[in-house]
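> what would the 3D arrangement of this be:
(one chain, ligands or ions: 1)
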Amino acid sequence: MLEVKNLTFQVQENGVERSIVENISFDVADGEMLVITGPNGGGKSTLAKVLMGIEKASAGQIILDGEDISNYDINHRADAGIGYAFQQPPRFKGMTVMKLLSLSAGKELKREECCKLLSTVGLCANEYIEREVDGTLSGGEMKRLEIATVLAKSHKLCIFDEPEAGIDLWSFSMLIEQFEKIHKEKKESLVLISHQERIIQMADRIMVIEDGKIASIGATDEILPQLLGKTADSYSCLTCR
Ligand SMILES: Nc1ncnc2c1ncn2[C@@H]1O[C@H](COP(=O)(O)OP(=O)(O)OP(=O)(O)O)[C@@H](O)[C@H]1O
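Numbering: from 1, shown residues only. Below you'll find the predicted structure:
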């Protein structure tokens with residue numbers, strides 16, 4: 001379903017090129033759940049943004065269901081079947097929750113459909129449906145709404161960047177149920193960036209990104225014990241070791 005070949009993303013820093021993501025290759029099978037984890041600043045969100053076309057790859061290839069989407073922009077990749085939930089969701093002043101959900105679904109949603117979506121992420125529909133997606137929503141409310149926008153439509157591949165961040169325990173349990181449901185149905189592939197053990201252990205495979213590269217990738221029962229056994233020292237700055 002998704003094939004990523006030699007993906008690199010570089011930035012210019014003081015006239016020198018720095019690789020944030022370096023020569024990364026992996027694939028995601030139909031219906032598979034891949035969890036990407038690893039130390040802060042390792043390059044996980046950047047990799048996700050490059051997959052979604054928010055950042056442009058410096059090199060490499062992205063193939064979705066046999067279609068080379070490497071040169072597609074973000075809209076074109078969304079049309080090709082990728083859904084994406086930001087680590088820090090953007091706000092849209094002047095737009096209501098109902099309008100945002102309809103835009104995300106790609107069709108005018110009925111009030112009951114919006115209510116259903118909102119309740120899957122633990123938001124009480126009556127309280128939120130007419131609200132503006134602006135700075136008056138809390139970080140956790142925004143995060144849950146963002147996840148609802150991805151759930152509003154079916155995709156070939158959904159990418160969720162730290163879906164757990166800022167979410168209360170009750171909503172977190174509902175979220176886990178949603179991921180389990182998607183995973184069980186096997187209709188969509190999932191790439192979840194997470195530091196949360198409960199999410200990581202749901203994965204079919206885990207990919208650890210460290211310093212812009214794949215530190216390890218493999219089945220969950222192989223990689224998770226390694227992660228749990230890692231000490232803070234083993235994550236320390238490479239140049240300080
Ligand atoms: N456009 C950019 N220009 C310069 N540096 C960047 C750019 N984008 C990302 N970085 C840097 O690249 C590194 C990787 O960032 P990224 O957000 O991808 O890490 P992450 O693994 O998602 O971290 P976290 O777990 O903290 O969310 C960081 O040091 C970040 O500051």
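> so the most centrally placed residue in the chain, which of the three states?
What sits nearest the mean C-alpha location of the chain, by Cα atoms, centre = their mean, is residue 160, with 2.0 Å. Here residue 160 is recorded as strand under DSSP: H, G, I helix; E, B strand; the rest coil.
> which residues pair with it across the strands?
Residue 160 has the following beta-bridge partners by DSSP bridges: residue 85, residue 192.
> surely it meets residue 147?
Yes. Contact criterion Cβ atoms under 8 Å: residue 160 and residue 147 qualify, at 6.9 Å. Backbone N, C-alpha and C define where each C-beta goes, glycine included.
> what sits in contact with each of the two?
Common contact partners of residue 160 and residue 147 (Cβ atoms under 8 Å, 6 or more residues apart in numbering): residue 85.
> what's stretch 134-152 in contact with?
Here stretch 134-152 makes contact (Cβ under 8 Å, 6+ apart) with 83-86, 89, 91-94, 97, 100-101, 104-105, 109, 117-118, 120-123, 128, 131, 133, 158, 160, 163, 165-168, 171, 175, 178.
> going through the residues you listed, which ones are buried?
Buried by 16 or more other Cβ atoms under 10 Å: 83-86, 89, 97, 100-101, 104-105, 109, 117-118, 120-123, 128, 133, 158, 160, 163, 166-167, 171, 175, 178, out of the contacts of stretch 134-152.
> so which of the residues you listed belong to helices?
Members of the buried ones among the contacts of stretch 134-152 lying in helices (criterion: DSSP state H): 97, 100-101, 104-105, 117-118, 120, 128, 171, 175, 178.
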